[in-house]
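Colleague: Let me see the structure of the following:
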Amino acid sequence: MALTLPASFKNNSIKQNWLFQLYYDNESAFTGLSFYDTEVSSNQYYGAVLNKPSIRESIDIEKSVSSTGNISLSVANFNFLGSNFSSALYGTNKYINRAFKVYIQPNDATTIGDCLLIYSGKLVSASHNVDSIRLQIEAKRPWDNIEVPTVKTDKNNYYPIAYGDYRPNASQSNVNSTGLTFNSNAGIDEYRKRKTLYPIPIEERRGTTIFSLTGDWSQSTKAWPHYYEKSTDTFLPIANHESTATTMDSANETYLDGKAVRFHQNLLKSSFYKMVELTEIENNTPFNWVNNNNAFDGDYINTSTYTQCTINGGFINNRRGYVKYSFPQLTGFPNKLQVNMVISGTVSISGVGGNGEIRVQLINKSFGAEDILGYYKLTNAQTSTSDLITGSGAVDTSSAYFLTDAFDSDTEWLASGSGWGEGLQFNLKCILQSGDLDGDLEGNFRIFDVAVQADNQLDFTETTKTGKLVASKVLDDIEYVYSGGDGLPDNGWNSSAAITTIIAAHRDLLHRNTSYTNSNTPDNWSAVNSAKDWAVRYWINEPVELLKVLEKLQYEGGFIFRFNGQGAGEYIFIPDSISTDHTLSTGDLNNIEISLLPMDRIVARMDIEYEKHPISNYVSKVIASNSSTISDLLIGANENKKTIRLDANVSAPANSPSSSPNDDFYTYYDNILGDQKIIVSADVVSPNFYGIDVGDFVAFDTMPVNPFSNSDWSGKDFIVTSVSRQVGKLKCEFREV
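Modeller: Numbering: from 1, shown residues only. All right, here's what the predicted structure looks like:
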């Protein structure tokens, strides 16, 4: 935003002196220096400055960062209060690491209110010889030398920082429970496929209880930890109980200097699983299984496709046909193992001879079991049926039916010898139940899907020393579990509301970790907060420079934060509708240079990976492109392309430019980089515009030449990307947006 320009600058030309204020001690007073002796607001400024420094500030809207140059000031080692000024710099009064301000004094103005503040920094070092002093001044940077997170335990585990709307894997019918329900709604939660979690370090094993650090804020619900099952890429809720899988530590608790959750050392966890591969088929008349993967396709329950067994042929007692599948290798052993199926079926008999009863049995032989899940019954009187007779009665399987297994195969798993390598097997089998009934069978049986419920745990009950060591080794190798509890609320600057957007996370980090306190509301905050609803999920587990974190959020959120020359914090971004701050004409400018954004900076295509996986890589990807730019600039298939990985932004980018720049990440940066833009460099010679600052929006009125084409300057908006202030001179760069 433009610097506040005093009325004394509303002239065609002004005489300039610069005032340098060196604050000391508690920064309530300063010593004044200038190019020549002057008095302003009853403060003496000594004309001892020997050089004419320049002050350069810039923003990079392509990377969403800002920069303010340092100042090197040469000062005569003059007599100051009876001794050399060099002795005063580190004498009774302390100047180092105190505030330093620079003003432009127009026309020998006598009050500071008529002067323009253009720089706020701090004195960081000084050196001198007999005749002169060299002062080094840095811009105001309250994040310097700050790392986050900072709070850690004696074991050097840091309490995590996490921002965003997280969600654990739970029950599809109750987000506060982890119970499993096998029905048509069984989906992302039952299969534990949510990736909306953040890593929390394991801190302590106390008896049979493990403590894991969640952060330093309270989570009243849904904070339970998850174990990452690599073979299935799933996050499994871990019980805080030895034998009840649904008993969870849903709220965190005070633990040392922060908060933690508990779980039991045996890692008891429950989930639905898919089969992973069809490994074997045996077809014997009358059973003929088709060879496809439709019994385990899709991420969750899928009733749109199926694996079918066609039943066609003469009845043969004890004849069977089967399909066999491999199963993922899971951590631990099951104390519960049930195989649920979504099936349909109908069977009939023709050419009936004899009397009695024939059954076509559905048998679960998984892990060596011999569990009859149900059977179709055929007699002289009942020659066709779609009723599967189960232990709880007959069920109609003429359409997809959810068959819940009443058998638990955990004992067979333990006895099988091959464990998870044993696999799943489903048989259809002909049985002459009674009499001598005979005939030709016809029909079909379909497996739409299979949901295996496994409640797994480590075996600390193993009687051998080796067995206990194996379980302990698995546990000791786990560095992190994962929480779906909500991230940080703000620390009081917005009524402690939950933080769910990138821009809010950025502001909270500033307030929470620097001297920029809650009472400071950044300029332009309301505008950027209103326009930028981009969602955040971002966590930090190991110390990293705060500036790097802030700049990452700035880039992924499409905004810039900086302190301007007058010490005010401000946000800069390109709004959907631009309001011009300044309109410049030929008479206001000198040394005008006009160029185009170079081709190597134009990005016509972006491969954007986002929604960071809690372990590694990314959950989602968008391939985006600007077809108009590709066509207009004759860009080849692999040219002007950029791969971007977003660690914090979880809002889906568009795959082509949307109508408003702030709709999404891709559209925002396509608006900046997706086409050739005009760049203007010029000296601003009119004092009326000395308040121009980086981030201001500018329009050009009458100009000595049109930009590259027959079109004029009307309708074109520019943002100020750099300013360089020297005595009597303001040089600016303007970039079209």
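
Colleague: Give me the buried positions along the worst-scoring helix or strand of the chain on mean pLDDT.
Modeller: Of all the helices and strands that make up the chain, helix 465-476 has the lowest average by mean pLDDT, DSSP states H and E, namely a mean of 81. Applying a neighbour-count criterion of 16 or more other CB atoms under 10 Å, one finds Ala471, Leu475 buried in helix 465-476. (Glycine included, C-beta is placed from N, CA and C.)

Colleague: What is it packed up against?
Modeller: Contacting helix 465-476 under the criterion 3 or more CB pairs under 8 Å, 6 or more residues apart in numbering; DSSP states H and E is no other helix or strand.

Colleague: and it, how far from the chain's centre?
Modeller: When C-alpha coordinates are averaged (CA atoms, centre = their mean, to the nearest Å), helix 465-476 and its chain have centres 35 Å apart.

Colleague: for the stretch 101-250 of the chain, what spans make up the strands?
Modeller: When secondary structure is read from DSSP state E, counting those that start in this stretch, the stretch 101-250 of the chain shows strands at 116-128, 132-139, 147-148, 161-164, 198-206, 209-215, 225-229, 234-237.

Colleague: Show me what counts as buried in stretch 548-559.
Modeller: Val549, Leu550, Glu551, Lys552, Leu553, Gln554, Tyr555, Glu556, Gly557, Gly558, Phe559.

Colleague: Is there a neighbour count for Ser585? I'd like the number.
Modeller: Residues contacting Ser585 under the criterion other CB atoms under 10 Å number 14.

Colleague: ok now do Phe697, which residues does it touch?
Modeller: By CB atoms under 8 Å, 6 or more residues apart in numbering, the contact list for Phe697 reads Ile578, Ser579, Thr580, Asp581, His582, Asp717, Phe718, Ile719, Val720, Val737.

Colleague: go again using 10 Å as the cut-off
Modeller: Taking CB atoms under 10 Å, 6 or more residues apart in numbering as the definition of contact, the neighbours of Phe697 are 2, 574-575, 578-582, 717-720, 734, 737.

Colleague: What residues are bridge-paired with it?
Modeller: With beta bridges defined as DSSP bridges, Phe697 has these partners: Ile719.

Colleague: and what of Ser67?
Modeller: Counting by DSSP bridges, Ser67 forms beta bridges with Ser58.

Colleague: Going forward, count from 702.
Modeller: That works, and once the first residue is 702, the last one we named lands at Ser768.

Colleague: Might one say that it is in contact with Glu839?
Modeller: No: counting by CB atoms under 10 Å, Ser768 sits too far from Glu839 to count as a contact (11.9 Å).

Colleague: who's more crowded, the two?
Modeller: Taking other CB under 10 Å, Ser768 and Glu839 do not tie; Glu839 has more neighbours (17 against 13).

Colleague: Wait, Ser874 touches Phe883, no?
Modeller: No: with contact defined as CB under 10 Å, Ser874 does not reach Phe883; the gap is 11.7 Å.

Colleague: Show me whatever sits in contact with both of these two.
Modeller: Counting by CB under 10 Å, 6+ apart, the residues touching both Ser874 and Phe883 are Glu891.

Colleague: more crowded one of these two?
Modeller: Using other CB under 10 Å, the more surrounded residue of Ser874 and Phe883 is Phe883, with 19 against 13.

Colleague: what's near enough to touch that one?
Modeller: By CB under 10 Å, 6+ apart, the contact list for Phe883 reads 891, 973, 1002, 1039, 1041-1043, 1103-1106, 1152, 1154.

Colleague: in the stretch 1102-1251 of the chain, which segments are predicted with low confidence?
Modeller: Applying pLDDT under 70 to the stretch 1102-1251 of the chain picks out residues 1164-1168.

Colleague: for stretch 807-827, which positions count as buried?
Modeller: 807, 810, 813, 815-824, 827.

Colleague: Apologies, that question was intended for stretch 1221-1234.
Modeller: Of the residues in stretch 1221-1234, those buried under the neighbour-count criterion (16+ other CB under 10 Å) are Asn1221, Pro1223, Asp1224, Asn1225, Trp1226, Val1229, Asn1230, Ala1232, Lys1233.

Colleague: could the residues you listed be laid out in JSON lines, adding distance to Leu734 and secondary structure?
Modeller: Formatted as JSON lines, the entries for the buried residues of stretch 1221-1234 read as follows, by distance: CB to CB, whole Å; DSSP: H, G, I helix; E, B strand; the rest coil:
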{"residue": "Asn1221", "distance to Leu734": "29", "secondary structure": "coil"}
{"residue": "Pro1223", "distance to Leu734": "31", "secondary structure": "coil"}
{"residue": "Asp1224", "distance to Leu734": "29", "secondary structure": "strand"}
{"residue": "Asn1225", "distance to Leu734": "33", "secondary structure": "coil"}
{"residue": "Trp1226", "distance to Leu734": "35", "secondary structure": "helix"}
{"residue": "Val1229", "distance to Leu734": "37", "secondary structure": "helix"}
{"residue": "Asn1230", "distance to Leu734": "40", "secondary structure": "helix"}
{"residue": "Ala1232", "distance to Leu734": "43", "secondary structure": "helix"}
{"residue": "Lys1233", "distance to Leu734": "42", "secondary structure": "coil"}
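
Colleague: Which of the residues you listed lies at the shortest distance from Tyr791?
Modeller: Proximity of these to Tyr791 was ranked by CB to CB; the top entry is Asn1221 with 31.1 Å.

Colleague: Pick out the residue closest to the middle of this protein.
Modeller: Ala1349 (2.8 Å; CA atoms, centre = their mean).

Colleague: Just give the nearest non-adjacent residue to that residue, would you?
Modeller: Using CB to CB, 6 or more residues apart in numbering and skipping residues adjacent in sequence, the residue nearest Ala1349 is Tyr1239, 3.7 Å away.

Colleague: dump the residue contacts of the one you found.
Modeller: Under the contact definition (CB under 10 Å, 6+ apart), the residues listed for Tyr1239 are 862-865, 899, 1188, 1200, 1203, 1206-1207, 1210, 1250, 1253-1254, 1257, 1313, 1347-1351.

Colleague: Out of these, list just those in helices.
Modeller: Secondary structure of the contacts of Tyr1239 is defined by DSSP state H; positions in helices are Ile1203, Ala1206, His1207, Leu1210, Val1250, Lys1253, Leu1254, Glu1257.

Colleague: now, the most widely separated pair of those residues?
Modeller: Between any two of these, the greatest separation by CB to CB is 13.4 Å, found for Leu1210 and Glu1257.

Colleague: what's the burial count for Gly1140?
Modeller: For Gly1140, the tally of surrounding residues (other CB under 10 Å) stands at 18.

Colleague: Tell me the spacing between it and Glu1058.
Modeller: Using CB to CB, to the nearest Å, Gly1140 is found at 12 Å from Glu1058.

Colleague: can you check Leu836 too?
Modeller: Leu836 sits 104 Å away from Glu1058, taking CB to CB as the criterion.

Colleague: out of the two, which sits in the busier spot?
Modeller: Leu836 (24 against 16).

Colleague: if we can go back for a sec, now the ones in helices among the contacts of Tyr1239 in CSV, with distance to Leu1079?
Modeller: What follows is the ones in helices among the contacts of Tyr1239, written out as CSV (distance: CB to CB, whole Å):
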residue, distance to Leu1079
Ile1203, 65
Ala1206, 66
His1207, 71
Leu1210, 71
Val1250, 70
Lys1253, 68
Leu1254, 68
Glu1257, 65
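
Colleague: quick one: which of the residues you listed is nearest Val1323?
Modeller: Within these, distances to Val1323 taken as CB to CB reach their minimum at Glu1257, with 14.0 Å.

Colleague: tell me which residues form a beta bridge with the closest residue in space to that closest one that isn't next to it in sequence?
Modeller: Sequence neighbours aside, Asn1350 is the residue nearest to Glu1257 in space, at 4.1 Å (criterion: CB to CB, 6+ apart). The residues listed as beta-bridge partners of Asn1350 by DSSP bridges are Val1237.

Colleague: Determine the number of other residues adjacent to Asn1350.
Modeller: Other residues lying near Asn1350 total 27 when counted by other CB under 10 Å.
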